[in-house]
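Visitor: Fold the following and give me the result.
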Amino acid sequence: MATLLSHPQQRPPFLRQAIKIRRRRVRDLQDPPPQMAPEIQPPSHHFSPEQRALLYEDALYTVLHRLGHPEPNHVTEASELLRYLQEAFHVEPEEHQQTLQRVRELEKPIFCLKATVKQAKGILGKDVSGFSDPYCLLGIEQGVGVPGGSPGSRHRQKAVVRHTIPEEETHRTQVITQTLNPVWDETFILEFEDITNASFHLDMWDLDTVESVRQKLGELTDLHGLRRIFKEARKDKGQDDFLGNVVLRLQVLTLTGWASPPVRTCAAERTSGTPWNPALRPTQTEASATSSSNSSISGGLIAESHFGQPLAAELHRAPPPPAAACVPRGHPARGGKHLLGRVAESPGCHRPLSARHTEGPIRLPPVHGAVAGLQPPLPEPGVPQQLPPAPHHQHRVPVDPGSAQGRTARLQSLLRVLVQMCKMKAFGELCPNTAPLPQLVTEALQTGTTEWFHLKQQHHQPMVQGIPEAGKALLGLVQDVIGDLHQCQRTWDKIFHNTLKIHLFSMAFRELQWLVAKRVQDHTTVVGDVVSPEMGESLFQLYISLKELCQLRMSSSERDGVLALDNFHRWFQPAIPSWLQKTYNEALARVQRAVQMDELVPLGELTKHSTSAVDLSTCFAQISHTARQLDWPDPEEAFMITVKFVEDTCRLALVYCSLIKARARELSSGQKDQGQAANMLCVVVNDMEQLRLVIGKLPAQLAWEALEQRVGAVLEQGQLQNTLHAQLQSALAGLGHEIRTGVRTLAEQLEVGIAKHIQKLVGVRESVLPEDAILPLMKFLEVELCYMNTNLVQENFSSLLTLLWTHTLTVLVEAAASQRSSSLASNRLKIALQNLEICFHAEGCGLPPKALHTATFQALQRDLELQAASSRELIRKYFCSRIQQQAETTSEELGAVTVKASYRASEQKLRVELLSASSLLPLDSNGSSDPFVQLTLEPRHEFPELAARETQKHKKDLHPLFDETFEFLVPAEPCRKAGACLLLTVLDYDTLGADDLEGEAFLPLREVPGLSGSEEPGEVPQTRLPLTYPAPNGDPILQLLEGRKGDREAQVFVRLRRHRAKQASQHALRPAP
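Guide: From the prediction side, this is the model:
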């Protein structure tokens, strides 16, 4: 492979890049480098002085951080290389020392080892089949020994990678199944920092999986396989077999520029009769091999610094001596990763590291003999060297999980051997009077269980005698019993049941629960009825442990029998008040601490309550957890305990409200900024809202439904509802009141500003447009409502909006009442109401339409619509309302008139045929009337040129037949407008006084044939119109018009309509509403 010396034309780009990086580093980390002496002449090449200085620093850095062991023809001293660089660059001694000091202060490089695991040959067969499932673990052990030392000086340890090197720094190859010559060909990169004391370790293991005895027997091929079966029976299940290791000292690796390093091969041959091989650590070479294989490993080193860019450059002066031959090749340079060794994959390019490694593989027999003479062989894990003789007539199987962990296969094999042994004819002849094996094993298990319990009891015996110490010792004993029973249930019970049909768990549980019950009952008797807080805590833990122990009874085959632990809760009844009081005291203290440490700052944008609300939620969750742990069996007492828990929780909620408000006053007392005080108040309200949500979950957390089912037969119907739910509702009501009070306080701060802006809106001069006049009010609301929306949760923000909307409507009603006579001010208020509705609705994010459109809003909207209208618009609205009243009237108590009306567009004539009137009221003293009809087109401002028409007067006739025709020359456009109508006023003619009003009828012109469509009318139908009276209580439109004193047209219209209303009020008969 060609080096950088072969491509000089590629140097300038890399060099410029390195110079830019160096300039940035020099500017950020240290002072500018000293200027070079003017008398020193630069070398005759294209580098500038600054580039030469940077290159000189790189060269010094490379020499100071050389890697590997130099070859014999290279120098070992760095001082000689540094002198060579000083001469080659023509640097003064003082400048050389300054630059060298600067380089030494730079960060050291990070090294990487590139290792390729090739293959192994002739490894040991550890499986029953005669093969192995090998895999390798690789890692670098750092900081072992002293510089120049050897790994052999460290304490002997086979599996260094697995037992010493951290797991995150360990690399693992794939598992090659069922082979003695595995081929991996896998490459790994291993990082390390200190090359002086670093060692490369490779351990080879055989993967062992859990197999049944039947599977192993199926793989059996010879007697050696049978020996392996018995050997694995003594070994822990799932334990892999160690095959060997390789150790390389990284400091002694020889690097030869860019050439490929050799493939390192360490071999160890097997010797017959040796089941395992000791670790080989030769003193002549800094490599060791412990394996039954030829493991091929090729490696290369990588130097890395923190600057991130490589520097590709070389020196161009006099030919470097052998002392400097290795400087620019294969050593670290600041600015990136430099490969100092390349791995050659093809055979034939392997090169020995030194002459000491050219003698071939290490032979095992002589080395093994030498090592065996120095130290005894290490036993294999899990295999005893000599089994002690068993006592005569003693059959005990310990229940202790610590001594039996990982030996289930061994125990199962032992039991099966015993079963087969007892079935042998020879055993029956030698031991004819022996009891059955299950009986012997059962007796041994019972005896062993009792002895194990007494040993555990002695182990937990306290050093100081006292009731508290005895309680702690008893608690530890019970927890050990529970752990042992769990282990027995998971593991040992299946083994004994499958082999001997013995229910080990049931037998052990029955024995142990009796022993535990006796100790616990004695302890509670000694404690007595007066329980201190410290003793109460110990008894509560003991109670919880006994509950867990009793839950194991459901797995026992004798769960229907009577046990000594039945009704054990009665022993703890005196401790219940202590438990409840301690729970409340701890919760209260925690609440007080939480509030005292709370700065009333929201936790985040989405979480708008403070830290104390979170602590309070956790505190209540702990109370609920304690209640679930207690789970008192007696229904009536369980109900009373739940009542106490609910009462304490509700009391804590109210205490928290008082404390958090006091904390807000304390923090805001020294605040001059009112906005900060408002922030704290928002947080307080949010905390209370969060508390209300937590309190609302109490029924689910305390399982009220299950409790109600349990106490249904004990308590009276409705007692739980009246007690628990009443407490909860009372607490929620109190929290709701506190929340409303806080929101009301926030609303009051905004209501003042809203009222002030509405008053300013009314007093703006007439030249200002309504849209501009309401702008300050809308900006004020936008800022304040956005602020409140940011600092309040949605529930509290909606409550605030409701209060503000109600107050705003009240202020608008007052302003509208004071400006009834001003259409301009009323128009501004109308536009303000429309914009406020949009603002408070906020596109669905604020108040819903149902909450906005209250009765007050609708009445105000109608009033402002009328007040903002002109006089003529009000007159038009008046006639629209009378036309609506005419359409809704069906009664003819006042009489009726019959007319025929049509419009001819070609002639622009409105033709009216007044046919008759009927059922008129007798208004004269003689019991009759003198009726006539007055016809006018209304409103008058739409038809100013048309005078009123009258029919002939009919004497003493309540059913007059007029049969008269009238024509009005009028365009179609005003007739089609809303409110345009033909007013038929039926009057009673009086000679001496004013005419009396019989009634009025209104015919809408837009419904007249010829006006409602484009076609000329054909046969005109008759229209019967019931007579009506004006409203007796006065019309609001007339009231508005009456207030406009300066409008003559309005005053004339009002006087006429008042006169008609006065005439109608003089008659005894009143129209139906």
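
Visitor: quick one, helices of the stretch 351-500 of the chain?
Guide: Under the criterion DSSP state H, counting those that start in this stretch, the stretch 351-500 of the chain carries helices at the ranges 364-374, 401-404, 408-423, 425-430, 437-459, 467-487, 493-500.

Visitor: Quick check: which of those is nearest to Thr177?
Guide: With CB to CB as the measure, helix 408-423 is the member of the helices of the stretch 351-500 of the chain nearest Thr177 (21.4 Å). All C-beta spots, glycine's among them, are computed from the backbone N, C-alpha and C.

Visitor: Buried residues of the closest one, list them for me.
Guide: The neighbour-count check on helix 408-423 (16 or more other CB atoms under 10 Å) flags Thr408, Ala409, Arg410, Leu411, Gln412, Ser413, Leu415, Leu418 as buried.

Visitor: Distance-wise, check the fifth one relative to Val711.
Guide: Distance from Gln412 to Val711, counting by CB to CB, to the nearest Å: 50 Å.

Visitor: for the first one, same thing?
Guide: Using CB to CB, Thr408 is found at 47 Å from Val711.

Visitor: Also the last one?
Guide: The gap separating Leu418 from Val711 is 55 Å, by CB to CB.

Visitor: Worst mean pLDDT among the helices of the stretch 351-500 of the chain?
Guide: Per-segment mean pLDDT for these reaches its minimum on helix 364-374, at a mean of 32.

Visitor: quick check: longest helix of the protein.
Guide: Taking residue count as the measure and DSSP state H as the definition, the longest helix of the chain comes out as helix 726-762.

Visitor: And it, what does it pack against?
Guide: Taking 3 or more CB pairs under 8 Å, 6 or more residues apart in numbering; DSSP states H and E as contact, the helices and strands that helix 726-762 lies on are helix 635-668, helix 674-696, helix 775-791, helix 794-818, helix 823-841.

Visitor: Let me know the closest of the buried residues of helix 408-423 to Val764.
Guide: Each of the buried residues of helix 408-423 was scored against Val764 by CB to CB, and Thr408 proved nearest at 92.7 Å.

Visitor: Next secondary structure after the longest helix of the chain?
Guide: The helix or strand immediately downstream of helix 726-762 is helix 770-773, counting by DSSP states H and E.

Visitor: can I get the CA coordinates of that next one in PDB?
Guide: Coordinates of each C-alpha in helix 770-773 appear next as PDB, following Å, rounded to 0.1, in the frame of the first residue of the first chain:
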ATOM      1  CA  PRO A 770     -66.800  52.600  16.300                       C
ATOM      2  CA  GLU A 771     -64.100  50.000  15.300                       C
ATOM      3  CA  ASP A 772     -61.400  52.300  16.500                       C
ATOM      4  CA  ALA A 773     -63.200  53.300  19.600                       C
END
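
Visitor: pLDDT on it, on average?
Guide: In this model, helix 770-773 has an average pLDDT of 85.

Visitor: quick one: it to chain centroid distance?
Guide: 47 Å (CA atoms, centre = their mean, to the nearest Å).

Visitor: what comes up buried for it?
Guide: Pro770, Ala773.

Visitor: Contacts for that helix, please.
Guide: Counting by CB atoms under 8 Å, 6 or more residues apart in numbering, helix 770-773 makes contact with Leu761, Val764, Asn827, Arg828, Ile831, Ala832, all of which sit outside it.

Visitor: swap in stretch 959-979?
Guide: Residues outside stretch 959-979 that contact it (CB under 8 Å, 6+ apart): 875-880, 883, 903, 905, 908-920, 931, 933, 935, 937-939, 942-943, 946, 949, 951-952, 954, 980, 1005-1006, 1008, 1011.

Visitor: same thing but 6 Å
Guide: Outside stretch 959-979, the residues within contact range by CB atoms under 6 Å, 6 or more residues apart in numbering are 876, 879-880, 905, 908-918, 931, 935, 942, 946, 949, 951, 954, 980, 1005-1006, 1011.

Visitor: Narrow those residues to those that are buried.
Guide: 876, 879-880, 910-915, 917, 931, 935, 942, 949, 951, 954, 980, 1005, 1011.

Visitor: In helices, which of those appear?
Guide: Helix and strand membership here follows DSSP H; of the buried ones among the contacts of stretch 959-979, those in helices are Arg876, Phe879, Cys880.
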